[in-house]
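Colleague: Sequence first, then the predicted structure:
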Protein chains: 2
Amino acid sequence: MATPHIKSLESDYPWITPSIPLITSAPMRLISTAPLAIAVSRAVGLGFLGSGTDVSTLPDLLSECTASFSSSPIPNTPPEILPIGVGFICWGASLSDAIKAIAESRLKPAAVWLFAPERIENLVTWTTSIREATNNLTKIWIQIGTVNDTNYLAQHCKPDVFVIQGSDAGGHGLNQSSSIITLLPECSDALSQSGFAHIPLIAAGGIMDARGAAAAIMLGASGICMGTRFLASFEAELSKGYQDAVLSASDGGVTTNRTSVYDRIRGTPGWPSSYGGRGVLNDTFWDSEKGLDDEQNKRLYAEASQKGDLGWGIKGIGGRMCTYAGTGVGLVREVKGAEEIVKEVREGMRKLLKIE
Amino acid sequence: MATPHIKSLESDYPWITPSIPLITSAPMRLISTAPLAIAVSRAVGLGFLGSGTDVSTLPDLLSECTASFSSSPIPNTPPEILPIGVGFICWGASLSDAIKAIAESRLKPAAVWLFAPERIENLVTWTTSIREATNNLTKIWIQIGTVNDTNYLAQHCKPDVFVIQGSDAGGHGLNQSSSIITLLPECSDALSQSGFAHIPLIAAGGIMDARGAAAAIMLGASGICMGTRFLASFEAELSKGYQDAVLSASDGGVTTNRTSVYDRIRGTPGWPSSYGGRGVLNDTFWDSEKGLDDEQNKRLYAEASQKGDLGWGIKGIGGRMCTYAGTGVGLVREVKGAEEIVKEVREGMRKLLKIE
C-alpha cells in the first residue's frame, strides 16, 4: 500500500509513477545544463537545471528542454508540464527574473528547487510567488540541512517536497550538519508529528550508486538525488580536467572537505556564512592552510586556470582549480551516459529493496 | 545464499547465526560495563565491554560476565567462549595488561575491538599477541575511519571484522571523515578488490533505530553497532544528568560537533591529534569558542561537576559536563532495557529488509 508521500509523488508527477523511488540529478550551477537534465528525465528520473544565482540563461535552458519534450514527450506527462526541474540558489538569484522565465516558458517546469536563502523567511515569498505564477503547476522543492529548518518551512511554506541534504554532499551545504543517516529519519519523524507526513523526502549527500540509494529509502526517503555521480556523465557540462580530478580521487572523507576557500579564491562570494563548499582538496586549499594569503592564492589560481585541464593537476596532484565533489568521490570510477547511470542505480536499488 | 562475510560471522560466532545481521553495542569507556554488555549479548547481539585506556578493571568485568554466562549459557556458544567482546583504546591501554586479563579469564572473550592506536602499525602487534594468547579463540575487530587505513590493516592484520565508523558517531572518532553512506561501500569495494571480501563489516556512526540499521545493511554491512542509542538504556553506566541531556537534545547535526575541548577541559588528554570527541555542545564548548581560556574553563567545569546531575543543566540548558553523543541524539527519546532495544531494532530492521 502506497504511503502518503508516495501518493503525493504519484499525484504530482504522474509520469514518474512506474519509476518510484524517484531518482533526480542535482541542480549543479554551470554543470547541470539542458543535456544532463534532459537525459535524466528521459530515463524517467527528474533532471534539474542548475540555474544557480544567475537566472539570465534560464530562458534558453527552458526553451532547449521544451523543444526536446514537445517533439518527444514522456508518456503521461500533463500537456502543460515540462518534466524538468529548475534549481535556484536563493540568496543570489533574482526572484522576479525567475518568475518571468517560468511564466514565459510555454511548458511549466515540473518543479523548482529552492536552496540557501539569505534568510529562511525569504522562502515564503519564493514559494508563494512561484505557486501563483504557475497556478500551482510548478511544484516547490526546498532543500534543508537541519530538523529545525524543516519544521519551520513545513509550517510556513508547506513545500511539495523536501530535499534533505546530508554532510557528505559535494558543493555547497551547511558547514555543520549530520549525514542523511540521522538527518533523514529525524526530519521524517518531525514531519509525521506535525501533520506533514505526506511531504516526500528526497535524500541528497553521498549517494553514488544503488547501495546508497537503497539505504536512503530505508531511512524514509521516497527518492534520491545524485550530484557528484553525474559529474562523471557525458552530459555534464564541465572540463575534462575537473572530471579527471573526480575520477582519480578516492577516500573522500579525508580527501574532500567543506570550506569557503574556493569561494574566496575563485571569486564566488555571497554565500551566507553558514554555507561552505565540499570539494577535493588541492593546493589552493593546502597553501591557504599553510598561511598563503588570499591575494597570492588568487594569482596562483588565475595562473592555473590558464593551463586548461592541467589546472586540475595530473591525477589530482598539483591541481589548484575548484573541484567540488562529495565524500563519495571514490565510488565514481567511470564516465557513463546519464540515462545509463539512472537506469543502473534504479535497477540495483530495486533489486536490493526487493521491489517487484 | 550466504555471502562470504556472512559465512565468516556464522563460523566465528555460531550462536549468533539466527540473529544476523548482527547488532552490537559500542565499547563506550566507563559506560559499557558488564550489565550493558551482558544484556546485549543475552538478546543475541554482541555486547562489548568498554575497557578503554585503563585495563585495570577488566579482570573484574570479565569475571562478572563469565559468571553470568557460565550459569546460563547462550545455546551454541562454544564452551570456552564468553559471548562478550572487549574494546581497547590502543594509544592508552596496556597491551600486556590486556593480554594478561584475557589469558587469565576462564572463558575467552569472543572478540576484541581495537581502536585509535598511536600509530597504525601498532595494531599488528596487538593483533598477533591476542591471537597467540587465545589460540585464535578471541577474534580481532578493528575500527577504522578511512579507506586507506582499511587497505593497510587488511593487508597487515587480516582482522576478523572491520568496524567502519562514520562521521555521525558520538564520542571519539576522526576529526575529518565521511559518514557510513560513502565510507562503507568504498571500504567494501576496496576489500573485494584486494581479496578480503570475506571480512564482515560492522557499521557504526548514526545508527539509532531499525531505519539506520537497515540502511547500513544496504550499504554492504553485515551488522551494526550502536553507542548513543544505548546511552538511554537502563543498563548503561552513566549519570541521570548525562542521560537526560541525551534525551532532551535534538537536531544533532547542529547541536553536536566533534571537538577536543572536552578532552582538554575534563582532563582526558592523550588522544592522537587526528581524533576528537563528538558531543552535545554546551557552555564548556561555547565559552571556549568565545575565547574563555582553558584554565578558567576547567575551574567552571569542576564547579559544575560538584552539582551532580545539574552539571548537565536543565533540559540541556546551562550545562557544562561532557555529553558525548552522536548526530542521531534526536532520535533517542526513551530509556529502555538494552535487550528490548536490540530486539526492537532487529525486528524492525528485518521487516524493512524483508528478511523471512
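Modeller: Okay, I see it. Numbering: from 1, shown residues only, chains lettered A, B, ... in the order given.
Colleague: where does chain A dip in pLDDT?
Modeller: A:1 (pLDDT under 70).
Colleague: ok, now which ones touch the most centrally placed residue in it?
Modeller: Most central in chain A under C-alpha atoms, centre = their mean is residue A:26, positioned 2.3 Å from the mean C-alpha point. Contact analysis of residue A:26 by C-beta atoms under 8 Å, 6 or more residues apart in numbering or on different chains lists A:32, A:48, A:50, A:87, A:171, A:204, A:225-227, A:230. In this view, the C-beta of every residue, glycine as well, is placed from N, C-alpha and C.
Colleague: Mind checking which of those land in strands?
Modeller: Cross-referencing the contacts of residue A:26 against strands under DSSP state E gives A:48, A:50, A:87, A:171, A:204, A:225-226.
Colleague: any chance of those in TSV, with neighbour count and distance to chain B too?
Modeller: Below are those laid out as TSV (neighbours: other C-beta atoms under 10 Å in any protein chain shown; distance: C-beta to the nearest C-beta, whole Å):
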residue	neighbour count	distance to chain B
A:48	29	21
A:50	25	22
A:87	26	22
A:171	24	15
A:204	29	11
A:225	30	13
A:226	31	12
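Colleague: just checking, what packs against the host helix or strand of residue A:191?
Modeller: Taking DSSP states H and E as the definition, one finds residue A:191 inside helix A:180-193. Helices and strands touching helix A:180-193, by 3 or more C-beta pairs under 8 Å, 6 or more residues apart in numbering or on different chains; DSSP states H and E, are helix A:147-157, strand A:161-165, strand A:201-204, helix A:210-219, helix B:180-193, helix B:210-219, helix B:252-255.
Colleague: Please point out which parts of that helix sit buried.
Modeller: By neighbour count on 16 or more other C-beta atoms under 10 Å in any protein chain shown, the buried set for helix A:180-193 is A:180-191.
Colleague: burial count for residue A:114?
Modeller: Neighbourhood size, residue A:114 [other C-beta atoms under 10 Å in any protein chain shown]: 28.
Colleague: The host helix or strand of it packs against which elements?
Modeller: In the assignment (DSSP H and E), residue A:114 maps to strand A:108-115. Packing partners of strand A:108-115 (3+ C-beta pairs under 8 Å, 6+ apart): strand A:47-52, strand A:81-89, helix A:95-104, helix A:122-134, strand A:139-144, strand A:161-165.
Colleague: Mind putting those into JSON lines with distance to residue A:286?
Modeller: Below are the helices and strands packed on strand A:108-115 laid out as JSON lines (distance: least, C-beta to C-beta, whole Å):
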{"stretch": "strand A:47-52", "distance to residue A:286": "27"}
{"stretch": "strand A:81-89", "distance to residue A:286": "27"}
{"stretch": "helix A:95-104", "distance to residue A:286": "38"}
{"stretch": "helix A:122-134", "distance to residue A:286": "36"}
{"stretch": "strand A:139-144", "distance to residue A:286": "30"}
{"stretch": "strand A:161-165", "distance to residue A:286": "26"}
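Colleague: on that earlier part again, select, out of the helices and strands packed on helix A:180-193, the one closest to residue A:342.
Modeller: For the helices and strands packed on helix A:180-193, proximity to residue A:342 was assessed by C-beta to C-beta; helix A:210-219 is nearest, at 10.4 Å.
Colleague: and the closest one, C-alpha only, in CSV?
Modeller: Presented in CSV, the C-alpha positions along helix A:210-219 are these (Å, rounded to 0.1, in the frame of the first residue of the first chain):
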residue,chain,number,x,y,z
ALA,A,210,22.4,1.5,-5.8
ARG,A,211,23.7,0.9,-2.3
GLY,A,212,23.4,4.4,-1.2
ALA,A,213,20.1,4.8,-2.9
ALA,A,214,18.6,1.8,-1.2
ALA,A,215,20.0,2.9,2.1
ALA,A,216,18.2,6.3,1.7
ILE,A,217,14.9,4.6,1.0
MET,A,218,15.4,2.5,4.2
LEU,A,219,15.9,5.8,6.1
